[in-house]
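1. generate a structure from the sequence data that follows.
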Amino acid sequence: MSEIETVRDLLDVISFSPRDQSDLMERPFFSLSKRKRIAPIDYTSPDGKATVKVTANPNFGMATIWDSDILTFCVSQIVARRNTRSNDSSPIVHTTPSALLTSIGRQTGGAQYRELMAGIQRLRTTQVETNIRSERGRKWGAFHFLGDAEGSGADQDGLTSLSLRVPDWLMDGIETGHFLSIDRAYFDITGGIERAIYRAARKHAGSNSEGWTCRLSVLHAKTGSESKLKGFAHTIREIAFRNDLPTYAMQITTTKSGEAAVHFIDRAFLSQAEADAIVARRMRTYRDSARTAWIDEGRPAAGFTVAWESWLAKGLPPQDFAAGMKTAQGRLI
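-> Predicted coordinates:
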């Protein structure tokens, strides 16, 4: 790589301010699993008006929610370019593999590079059909997430530059202002469902001081999860218990009609008392589980409190107490 390309890479990473196309954030467009998904997504909104159908190429599988980071990078670069050169409406993003990977929080080793190229392949071959922009004069659209992809270098395994073309559908969303900033910590989220619900919360809760309440059945459909609703609801309760999404606090609740729901709100709008209450509830649950594990091991209940406080004093994770009661050899400690 030349010195000029190295400097350009560095500037791309430093100036990277992640933004995502908002239409992609509130509907199911991506697989939530890293396992190869062939089964299509066939979504219809609760009012029956909006539809999304995503079809995978059987050779490569459906584009995943981790692959969508590549689109986020492209959207961010196009928005930044338009902010500095308002007449620049090119759908092509020029970058390098290392700048792209670093910007979306990934390492730049051989494995990550190969996964980047596989992700580009999935984005180029996944077919989308949707009518979600009918209110803006476009009743139906069919496209792939990426069009042409070109690079320069010795071969595909050693590219030193990369050019990606986003589809007209995505450009239309950018040009009409339908994009949102996202927290850079989003790229650190490892779970597919967690990523999907963060995106939905960013779109719907935003910076609204009242937050956003969504029925679990609706959230299930919005994410495109392959899990049954019962399993999905269990996962959402676990995520709400951990309550560690970037920006947004979560709480399981019910609607006025008694349906299970989840409430998202920007933590900036929580009082200190509310924030403390969330931590306290989580710690009580950890303590109760730890005490049960302690007693199940046949230990005297009277000794639990000292052991628990000693564990926390060492700075050890409270959720790991049960596993930590045994050494590697299986002897109790």
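
2. drop to CA atoms for contacts and neighbour counts, all remaining ones
-> Noted.

3. need the nearest residue in space to Arg195, chain neighbours excluded.
-> The spatial neighbour of Arg195 that comes closest, neighbours along the chain excluded (CA to CA, 6 or more residues apart in numbering), is Ile189 at 6.2 Å.

4. ok, the one you found to Ala196 distance?
-> 10 Å (CA to CA, to the nearest Å).

5. can you check Thr223 too?
-> 6 Å.

6. among Ile189 and Ala196, which residue is more densely surrounded?
-> Ala196 (26 against 16; other CA atoms under 10 Å).

7. may I have the phi/psi pair for that one?
-> phi -60, psi -40 (degrees, to the nearest 10).

8. got the contact list for it?
-> Residues counted as contacts of Ala196 (CA atoms under 8 Å, 6 or more residues apart in numbering) are 25, 32, 65, 223.

9. swap the cut-off to 10 Å and go again
-> Taking CA atoms under 10 Å, 6 or more residues apart in numbering as the criterion, Ala196 is in contact with 25-32, 65, 202, 219-220, 222-225.

10. same check on Ser152?
-> 96, 158-163 are the contacts of Ser152 under CA under 10 Å, 6+ apart.

11. from Gly119, how far out is it?
-> According to CA to CA, Ser152 stands 18 Å off from Gly119.

12. list the buried residues for stretch 143-151?
-> For stretch 143-151, the buried set under the neighbour-count rule, 16 or more other CA atoms under 10 Å, comprises 143-147, 151.

13. what's the overlap in contacts for Thr223 and Ala196?
-> Looking at what touches both Thr223 and Ala196 (by CA under 10 Å, 6+ apart), the common residues are 25-32.

14. which among these gets closest to Arg184?
-> Of all the shared contacts of Thr223 and Ala196, Met25 has the smallest distance to Arg184: 15.4 Å, by CA to CA.

15. ok, for the closest one, nearest residue in space, not its chain neighbours?
-> Nearest one to Met25, counting by CA to CA, 6+ apart, is Arg199 at 5.0 Å.

16. just to revisit the earlier point, now the contacts of Ser152: which count as buried?
-> Among these, those buried by neighbour count (16+ other CA under 10 Å) are 96, 159-163.

17. among those residues, name the ones in helices.
-> Where the buried ones among the contacts of Ser152 are compared with helices, as defined by DSSP state H, there is no overlap at all.

18. just the strands in the stretch 201-333 of the chain please.
-> For the stretch 201-333 of the chain, applying DSSP state E, counting those that start in this stretch gives strands covering 212-215, 248-254, 260-266.

19. adding mean pLDDT and distance to Ile70, write those strands out as TSV.
-> Written out in TSV, the entries for the strands of the stretch 201-333 of the chain read as follows (pLDDT from 0 to 100; distance: least, CA to CA, whole Å):
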stretch	mean pLDDT	distance to Ile70
strand 212-215	96	28
strand 248-254	93	23
strand 260-266	95	26
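
20. got TSV for those, with distance to Pro317 and mean neighbour count too?
-> Formatted as TSV, the strands of the stretch 201-333 of the chain follow (distance: least, CA to CA, whole Å; neighbours: other CA atoms under 10 Å):
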stretch	distance to Pro317	mean neighbour count
strand 212-215	30	20
strand 248-254	20	20
strand 260-266	25	21
